[in-house]
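**Student:** I need the structure of the sequence given here:
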Amino acid sequence: MPAQQQPAQPPAAQQPAAASPSEAQPPAAMTVLNTHDVQGVLGREVLSATNENMGRIVDVLVDRTGQVRAAIIDFGGFLGVGSRKIAVDWSALHFPQPGQPDAKITLDLTRDQVKAAPEYQDGKPVTVLGALGKLEPLPFE
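**Tutor:** Numbers count the residues shown, from 1 in each chain. Here you go, the predicted model:
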């Protein structure tokens with residue numbers, strides 16, 4: 001007599017049970033940061049070294065490798081009227097130490113330097129105002 005075959009187990013029964021969300025491990029490409037190590041920059045006020053209001057960060061420009069290159073600051077005007085967007089080199093910005101969420105971001109440029117900079121326009125070639133007040137085109141090859 002032929003041996004009886006065992007019924008095949010359904011595929012779900014052969015796989016280990018899924019881990020609960022609290023037990024799940026983050027993917028290898030994910031980095032978890034402590035809340036005191038990170039801060040959002042969009043909408044944050046920017047001040048000059050002499051405590052003058054320079055505007056707010058409204059965008060961040062990155063190159064194709066993901067390197068942050070510039071911040072777009074909404075500069076001048078009153079309540080959004082008459083303001084211009086200016087691209088400033090990321091290295092010209094100084095961020096507060098961790099644990100000081102209310103501290104302001106400062107910029108190594110004067111109001112006159114920023115006022116003289118060309119306006120940033122989405123979709124057009126970008127000219128960045130550097131930390132020393134020098135204008136440089138931002139290459140995006």
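**Student:** What ranges in the protein fall below the confidence cut-off?
**Tutor:** Scanning the chain for pLDDT under 70 picks out 1-39, 77-81, 98-102, 132-141.
**Student:** can you give me the helices in the protein?
**Tutor:** Counting by DSSP state H, residue ranges of the helices within the chain are 11-14, 111-116.
**Student:** and the closest residue in space to residue 88 that isn't next to it in sequence, what are its bridge partners?
**Tutor:** Using CB to CB, 6 or more residues apart in numbering and skipping the chain neighbours, the partner closest in space to residue 88 is residue 129 (4.9 Å). Yep, even glycine has a C-beta here, placed from its N, CA and C like the rest. In this structure, residue 129 bridges to residue 88, residue 135 when assessed by DSSP bridges.
**Student:** Which residues are in contact with residue 129?
**Tutor:** Applying CB atoms under 8 Å, 6 or more residues apart in numbering, we find residue 129 in contact with 86, 87, 88, 89, 92, 109, 113, 114, 117, 135.
**Student:** And residue 93, by the same measure?
**Tutor:** 46, 71, 105, 106, 107, 108.
**Student:** Show me the contact partners of the longest strand anywhere in the chain.
**Tutor:** Longest strand in the chain, counting residues (DSSP state E): strand 53-62. Counting contacts by CB under 8 Å, 6+ apart, the residues outside strand 53-62 that touch it are 41-48, 68-76, 83, 85-87, 90, 105, 107, 109, 111, 114, 126, 138.
**Student:** Only the buried subset of these, as a PyMOL command please.
**Tutor:** To isolate the buried ones among the contacts of strand 53-62 in PyMOL, judged by 16 or more other CB atoms under 10 Å, type:
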select buried, resi 41+44+46+47+48+69+70+71+72+73+74+75+76+83+85+86+87+90+105+107+109+111+114+126
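**Student:** In strands, which of the contacts of strand 53-62 appear?
**Tutor:** 45-48, 68-75, 85-87, 105, 107.
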